[in-house]
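**Q** structure here, sequence nowhere to be found:
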């Protein structure tokens, strides 16, 4: 009888831990150590505003986002030679960082110009819903994306996706003193592509963030530009290489593709006109 009681208590505690990890508000989640998940992620360098908005998105859409174990924040406030893609493990509180490209016309090293315009070759700010993959003739395994916000609502028609690319490597940085450019897609290192897509392919959130332009993207969703010109060091290669975006047609995206869930974005009312 005593052993049965012990087993019962164990399962009650297990259920309590599980509910803390996966149920309720994302802001109330704790990691194994007892630390709040939000604090654990912030302590590893994740931007406070970007994480706050990401957690709000999860809370506003509880039950509608399949993947609550992993999410991504891309901090385009940082230069491209920094690892500015933050993979958030929402269970353990561990953060892993990766290189990620921006569009050819978004900037040389800095993300300075963003747009939700077809043919612009610029990256778009806002929340993306990631679900489903296909094999690209050029880029291999590719993750399909849909834009949630007005500032990235044309992601599907623009063929903005998440894939690996040979121009997103430290060797490319060494040779060109910059990271390579995409046509607006999220291009990541080839040796990390399968790992990242495996974690994100079942209905995840990716947030393209910029400290100085996010509020602007709410007011002017089509285009957002920083004032002034980018100061580029003289040793940076300003010419597009054959590895980069814009050289090879990759073909149309798969036509048979389910519509994403209708998600409420915190950007709709976080910033005020």
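**A** Cool, the structure landed. This is a predicted model, so every value here is computed, not measured.

**Q** give me phi/psi at the residue nearest the centre of the chain?
**A** Nearest to the mean C-alpha position of the chain, by Cα atoms, centre = their mean, lies residue 206 at 3.1 Å. Dihedral angles of residue 206 (phi, psi; degrees, to the nearest 10) stand at phi -120, psi 130.

**Q** residue 50 versus residue 186, what's the distance?
**A** Distance, residue 186 to residue 50, using Cβ to Cβ, to the nearest Å: 15 Å. Every C-beta, even on glycine, is put in place using the N, C-alpha and C of the backbone.

**Q** equivalent analysis for residue 136, please.
**A** In terms of Cβ to Cβ, residue 136 sits 28 Å off from residue 50.

**Q** more neighbours: which of those two?
**A** residue 50 (20 against 15; other Cβ atoms under 10 Å).

**Q** hang on, that one is in a helix, isn't it?
**A** Yes - secondary structure of residue 50 (DSSP: H, G, I helix; E, B strand; the rest coil): part of a helix.

**Q** from the chain's centroid, how far away is stretch 203-218?
**A** Distance, stretch centre to chain centre, for stretch 203-218: 9 Å (Cα atoms, centre = their mean, to the nearest Å).

**Q** ugh, typo on my part, it should be stretch 112-128
**A** 14 Å.

**Q** just the helices from this protein, written as ranges.
**A** 2-22, 37-42, 48-60, 170-176, 190-200, 214-219, 267-270 (DSSP state H).

**Q** just the pLDDT for residue 253.
**A** For residue 253, the model assigns a pLDDT of 75.

**Q** what's the burial count for the closest residue to it other than its chain neighbours?
**A** Leaving aside its sequence neighbours, residue 253 sits nearest to residue 159 (Cβ to Cβ, 6 or more residues apart in numbering; 5.4 Å). Residues near residue 159, counting by other Cβ under 10 Å, number 18.

**Q** same check, this time on the one 4 residues further on
**A** Neighbours of residue 163 under the rule other Cβ under 10 Å: 25.

**Q** tell me the mean pLDDT over stretch 196-209?
**A** 98.

**Q** report the buried residues of it.
**A** By neighbour count with 16 or more other Cβ atoms under 10 Å, stretch 196-209 contains the buried residues 196, 197, 199, 200, 201, 203, 204, 205, 206, 207, 208, 209.
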